[in-house]
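Visitor: okay, predicted coordinates and the sequence, questions at the end:
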Amino acid sequence: MDQVRIVINSCPRSAHAWLQTLLIKSVGRKNEISHDDVDSQFIIRSNTPVMMFANFENIIQTTILRSPDTIIPSIVTKTMGGLGGTTTAGITMPHEYGNNIDLNGLITHQFSVYKRWIDGLTANINTLMPFTFEQITTDVEFCIRSILDNFNIEYYLYSNDEIPELLQTVAKQIRVHDKGNIGYNNPVPVEEKPDIYYDAVEITKNHKFLKQSLDLYNNALELVFERQKSYG
């Protein structure tokens, strides 16, 4: 393809801001590729499960699969951090609720939302370019090459050895709203998170819907690896 058109349509807290930043840095901003709006060329993010059922012509739609036991606690305690042009709706911001937040209710709701993402991925996987969270965060070479080789452009291929330096750079570049504790919306990993995050981890780990969601995840994981055999 001659024009770079990439939609990273993925669940919040799946490292889609990280992937977008990597791709933009790889192609270089001199190529006039939009990273907020749909233009002649773009690398944008969205959080819209139903869009995974769409078939786009001359557009790469990629998504990132992350396990429910790690992504759900992150979503309910950190989402709505204002990461650039991402569109997210219907997520409560726990840092504004104090002790009155219904964490159990939020987590139960997110299990149903998680299923929407899995359903979209598995039903339309042959028109998507999916990756796992682990690949996005540890094997940037594979992810960047797999996506950008679809376009007739020159690009810089970051090596996996450059990840630590990239994390330091990206932590300063990705825009987030100040919510009093970087652990509420950290764009890159942090050592310590707010107490409410660890509460959410425990609730998720013992939730009645976790096994069902893990089964869905493991099935989707197999499909992703099978789909990736066609990359390149």
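Guide: Looks like it came in fine. Computed from a prediction, not measured in an experiment: that's the story for all the values here.
Visitor: please name the bridge partners of residue 8.
Guide: Note on residue 8: beta-bridge partners by DSSP bridges are residue 45, residue 62.
Visitor: sketch out the low-pLDDT regions of this structure for me.
Guide: 29-31, 79-100, 173-191 (pLDDT under 70).
Visitor: in the lengthiest helix in the chain, what's buried?
Guide: As assigned by DSSP state H, the longest helix anywhere in the chain is helix 103-123. Under the neighbour-count criterion of 16 or more other Cβ atoms under 10 Å, helix 103-123 has 103, 106-111, 113-115, 117-122 buried. No exception for glycine: its C-beta is placed from N, CA and C like everyone else's.
Visitor: got it, and stretch 5-18?
Guide: 5-18.
Visitor: okay, these in CSV with distance to residue 217 and secondary structure next?
Guide: Shown next, in CSV, are the buried residues of stretch 5-18 (distance: Cβ to Cβ, whole Å; DSSP: H, G, I helix; E, B strand; the rest coil):
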residue, distance to residue 217, secondary structure
5, 29, strand
6, 24, strand
7, 22, strand
8, 19, strand
9, 18, strand
10, 14, coil
11, 12, coil
12, 16, coil
13, 15, coil
14, 12, coil
15, 16, coil
16, 17, helix
17, 21, helix
18, 20, helix
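Visitor: and the gap between residue 27 and residue 62?
Guide: In this view, residue 27 and residue 62 are 15 Å apart by Cβ to Cβ, to the nearest Å.
Visitor: no, scratch that, I was asking about residue 107
Guide: For residue 107, the distance to residue 62 - Cβ to Cβ - is 27 Å.
Visitor: so residue 68 sits right up against residue 211, yeah?
Guide: No - the pair residue 68 and residue 211 fails to qualify as a contact (Cβ atoms under 8 Å) at a distance of 9.9 Å.
Visitor: out of those two, name the residue with the larger neighbour count.
Guide: Just comparing residue 68 and residue 211: by other Cβ atoms under 10 Å the higher neighbour count belongs to residue 68, 26 against 10.
Visitor: and the strands in this structure?
Guide: Ranges of strands within the chain are 5-9, 42-46, 60-65, 129-132, based on DSSP state E.
Visitor: in TSV, list these along with distance to residue 36.
Guide: Output for those, formatted as TSV (distance: least, Cβ to Cβ, whole Å):
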stretch	distance to residue 36
strand 5-9	13
strand 42-46	7
strand 60-65	17
strand 129-132	21
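Visitor: nearest to residue 35, out of those?
Guide: Proximity to residue 35 (Cβ to Cβ) singles out strand 42-46 among the strands of the chain, at 5.5 Å.
Visitor: tilt between that closest one and strand 60-65?
Guide: Counting by axes from the mean of the first three to the mean of the last three Cα atoms, to 10 degrees, strand 42-46 lies at 40 degrees to strand 60-65.
Visitor: and strand 42-46, what's buried?
Guide: Quick answer for strand 42-46 (16+ other Cβ under 10 Å): 42-46.
Visitor: and the helices in this structure, which stretches?
Guide: Using DSSP H, helices in the chain cover 16-27, 68-78, 103-123, 133-138, 140-148, 163-173, 195-205, 210-228.
Visitor: buried deepest among those helices, which one?
Guide: helix 68-78 (a mean of 24; mean count of other Cβ atoms under 10 Å).
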